[in-house]
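Participant: any chance you could fold what I've pasted below:
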Amino acid sequence: MTPEWKDCYTAGIFTEFMEQRAPGHTVADDKIYHKGFSDFIQDIEKNIQNLDYLNDPEAYDKQEELKAMFICAKTIIRFANRYAKKALEMADAEKNSQIKKELFKIAEVCSHVPAHPPRNFWEALQMYWFVHLGVISELNTWDSFNPGRLDQHLYPFYKKGL
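Facilitator: Model (predicted):
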């Protein structure tokens, strides 16, 4: 630990809470309700292809960040697909027809989002939840990740479903 860090810790600038969690708060915009992560992957690949390594001294750093974004986007899709697969397995073993139907619906939703943009309220809410789980798993920000304007983001899907 550097002397500067110790001074900051003693002064209360850094706290034990901040050691365990990412400092700051994140408020997501509504982009995840208009594009799926497959779209983000295409955007990332395009941006990597358009990097100018000869004239941009930060091109390599940008490439590394874009590669990390690519990995995260692929991972959140894989994460959702695991939920879809598990729901199908549970549906196959389920005897109760109502629960079986619900499990098939869960599998359908988890197969669509987050890879693709949500089409209805259920998918929009599930999209948010997968993104939330992805962020808190990576940053341990359970307390500070705020969906921000969740009512405004979800309302068009809610209204459409009425």
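
Participant: any idea which helix is longest in the chain?
Facilitator: helix 59-93 (DSSP state H).

Participant: next, the buried residues of the following helix or strand past that helix.
Facilitator: Per DSSP states H and E, the first helix or strand lying C-terminal to helix 59-93 is helix 97-112. By neighbour count with 16 or more other Cβ atoms under 10 Å, helix 97-112 contains the buried residues 103-104, 106-107, 109-112. Backbone N, C-alpha and C define where each C-beta goes, glycine included.

Participant: for the helix or strand following helix 97-112, enumerate the helices and strands it packs against.
Facilitator: Under the assignment DSSP H and E, the closest C-terminal helix or strand after helix 97-112 is helix 121-139. With contacts taken as 3 or more Cβ pairs under 8 Å, 6 or more residues apart in numbering; DSSP states H and E, helix 121-139 sits against helix 59-93, helix 97-112, strand 145-146, helix 150-161.

Participant: what helix or strand is the closest residue to Lys67 other than its chain neighbours on?
Facilitator: Spatial nearest neighbour of Lys67, excluding adjacent residues (Cβ to Cβ, 6 or more residues apart in numbering): Ile48 at 7.4 Å. Using DSSP H and E, the element containing Ile48 is helix 37-49.

Participant: relative orientation of that helix and helix 59-93 in degrees?
Facilitator: Orientation check (axes from the mean of the first three to the mean of the last three Cα atoms, to 10 degrees): helix 37-49 against helix 59-93 gives 160 degrees.
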